[in-house]
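Asks: kindly return the folded structure for what I paste below:
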Amino acid sequence: YNIEVSDIVLENPGAIDGISPGDTIRLPEAGNTVMKKNGQGSGGGDSSLYIFYKVEPKATMYSLCRQYGVNTAEIDSLNPSLADKGMRAGMILRIPRHTPKATGKRQGAVNAGTQGGRRDTAREARAYKNLLEQKQDNRTMEGANRNQGNTAMNHDTATPKTTGKLLDKYNIALLLPFMNEDVDSLSLNKLVTGAQQFPLLSQISCDFYEGAKMALDSAAIQGLKINLYVYNIPSDSAGGKIDSILKKPVFSTMNLIVGPPSPSHFRQVAAFALKNKIPVVSPLSPESDVIRNNSFVSKAVPSPSTEMEQMCDYIVSHYQSSSIIIVHNPDASNNNYFETVKKRLTTALSISEPRTDSLYVVNYTDDLNELGRKIDDNKFNLIIAPYQDASFVTKFLNQLANSKYARNDSIAVFGMNNWASMDVLDVNNLDTLHLHYPAYEYTDYANRANIRLLQKFRNQFYSEPGSYTLQGFDVMYYYLTMLKKYGTALQENLPANPYRGVHTAFDFYKPNPSGGFENKAIYMLEYRNYTLVKD
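Replies: Numbering: from 1, shown residues only. From the prediction side, this is the model:
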């Protein structure tokens, strides 16, 4: 093919360890590489998929993302060595050159439709295609009759639910708000050109469904047979549509129900599941109330309180000898997370060995004097600010980052998951303060299994899977493997089967004996050299 070995490895990172008969290898066109230094191209033409950039001494990941209009996930995925070595001057990095053929990019969980002000029109077009396929069926979307490899979708062969048995075939219901009144006015041409925007809830649903279908394909290859029933549910608070779905005779034969995402709709379905003893999954909401007094519910997304408790346990196990300072905001309208952190750390440190007395609680002041008195120059100092209010968080981080306490590397700030979605935060401050925060989602772009899955998606769609696509894959694949292993007894076996997926991890426990299962699996993420990495 008149190409270099290095070009093959760049397109297929797993090929560094060799290739085998039957492998599918992606080959670049001969000559379609380009070296770029100081912003100047040196060959290859506009058809190149990538820019090869030599890192300059003062370059940062942030500056590269700004210069080339990409995000850190894209650079990380194309340069696996960054995970181990970090970015160093003189390195050659592969940076995606966005073309009309490859307009998609990985989306954050918060802004699912846009990132960095750029529309992912290819992703919206795929979602539109999914909706057209679904609209060929009836409006409840029951019985998509879509073949997922060996996965059967025949609604005339529904198998009655049998508790605690391994079945030949399982019935799964997926309830998502695919369509509303805005969808019928969509035009594929207008979506592709950017003249129309895809409705956010419909985009999230289509992304999740796309990932779920990938999981069904994977499970089918392993011999698991599934009857999948897909239902479109309302995006508003109207509950009549939910009731009509629940009254269908086939719904009581389900072995697993996934969704709806909305807590209000989910409670209706969960009550039905409790009555009929069917495991039901809340796939996207962090609200912990949905598992109350219902042992058949499990929740895929940890609540903020659970995330903070797990972060405290992480701190005790990794930073016990450090100075741990909890910042209390006297003016905050909600101190629930402050109380959660204070209680959890106090309890955990009291039973840990060796004992430590380096836990402090300080009131926030504009001059930071009270905080400064507890910062120990001879220790590493962890500063925890358990608040979600953007105005306070922005003010506090700006003051601390520009104070004398940030002039060395002896402090790190630990915050909350929602800080990642605060556009008002200065990334320079986050990097200066070595911000750490808990997250239930993280994609390891150096993991070979993840690389294979992501590459399969890119080869098929010429874009990056969205955050909800990966979450849909992980949620569906986890529960499919549980069905395959435990059959209809999967629910009681959830705590004994932790799992780390491509994007989402699972580690279930019962906060209350009479309730359902909460997911407590988190990743601790850190801003390091303007890159978000797993600590």
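
Asks: hmm, Ile291 and Gly515 touching each other?
Replies: Yes. Counting by CB atoms under 8 Å, Gly515 touches Ile291, with 4.9 Å between them. Backbone N, C-alpha and C define where each C-beta goes, glycine included.

Asks: give me the more crowded residue out of the two.
Replies: Legend: neighbour count by other CB atoms under 10 Å for Gly515 and Ile291, higher for Ile291 (22 against 17).

Asks: so who does that one touch?
Replies: Ser282, Val297, Ser298, Lys299, Pro511, Gly515, Gly516, Phe517, Glu518 (CB atoms under 8 Å, 6 or more residues apart in numbering).

Asks: and for Lys484?
Replies: Ala219, Gln222, Gly223, Leu224.

Asks: just to revisit the earlier point, now do the shared contacts for Gly515 and Ile291.
Replies: Common contact partners of Gly515 and Ile291 (CB under 8 Å, 6+ apart): Val297.

Asks: roughly how far does Leu246 sit from Tyr468?
Replies: 25 Å (CB to CB, to the nearest Å).

Asks: no no, Val55
Replies: Distance, Val55 to Tyr468, using CB to CB: 33 Å.

Asks: just Phe338 next, same as before
Replies: For Phe338 relative to Tyr468 (CB to CB), the value is 31 Å.

Asks: ok, these two, which is more surrounded?
Replies: Counted by other CB under 10 Å, Phe338 and Tyr468 do not tie: Tyr468 has more neighbours, with 25 against 20.

Asks: buried stuff in the host helix or strand of the more buried one?
Replies: Applying DSSP states H and E as the criterion places Tyr468 in helix 467-486. Using 16 or more other CB atoms under 10 Å as the test for burial, helix 467-486 gives 467-484, 486.

Asks: on the three-state scheme, Cys206 is what?
Replies: On the three-state scheme (DSSP: H, G, I helix; E, B strand; the rest coil), Cys206 is labelled helix.

Asks: can I assume it is in contact with Met179?
Replies: No. Counting by CB under 8 Å, Cys206 does not reach Met179; the two are 9.9 Å apart.

Asks: tell me which of those two has more neighbours.
Replies: Cys206 (28 against 23).

Asks: that one and Gly472, how far apart?
Replies: The gap separating Cys206 from Gly472 is 10 Å, by CB to CB.

Asks: before we move on, what about Val301?
Replies: 13 Å.

Asks: please enumerate the shared neighbours of those two.
Replies: Joint contacts of Val301 and Gly472 (CB under 8 Å, 6+ apart) are Pro283.

Asks: quick one: pLDDT of the residue nearest to Met179 when sequence neighbours are not counted?
Replies: Spatially, and ignoring its direct neighbours in sequence, Met179 is nearest to Asn232 (5.3 Å; CB to CB, 6 or more residues apart in numbering). Among the per-residue scores, Asn232 shows a pLDDT of 92.

Asks: for the one 4 residues further on, same thing?
Replies: What the model reports for Asp236 is a pLDDT of 68.

Asks: and if you look at Pro465?
Replies: On pLDDT, Pro465 comes in at 89.

Asks: which residues in the stretch 351-500 of the chain form helices?
Replies: 369-374, 390-401, 427-432, 448-461, 467-486 (DSSP state H, counting those that start in this stretch).

Asks: tabulate those (a markdown table), appending distance to Tyr523.
Replies: As requested, these are arranged in a markdown table below (distance: least, CB to CB, whole Å):
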| stretch | distance to Tyr523 |
| --- | --- |
| helix 369-374 | 27 |
| helix 390-401 | 20 |
| helix 427-432 | 17 |
| helix 448-461 | 14 |
| helix 467-486 | 13 |
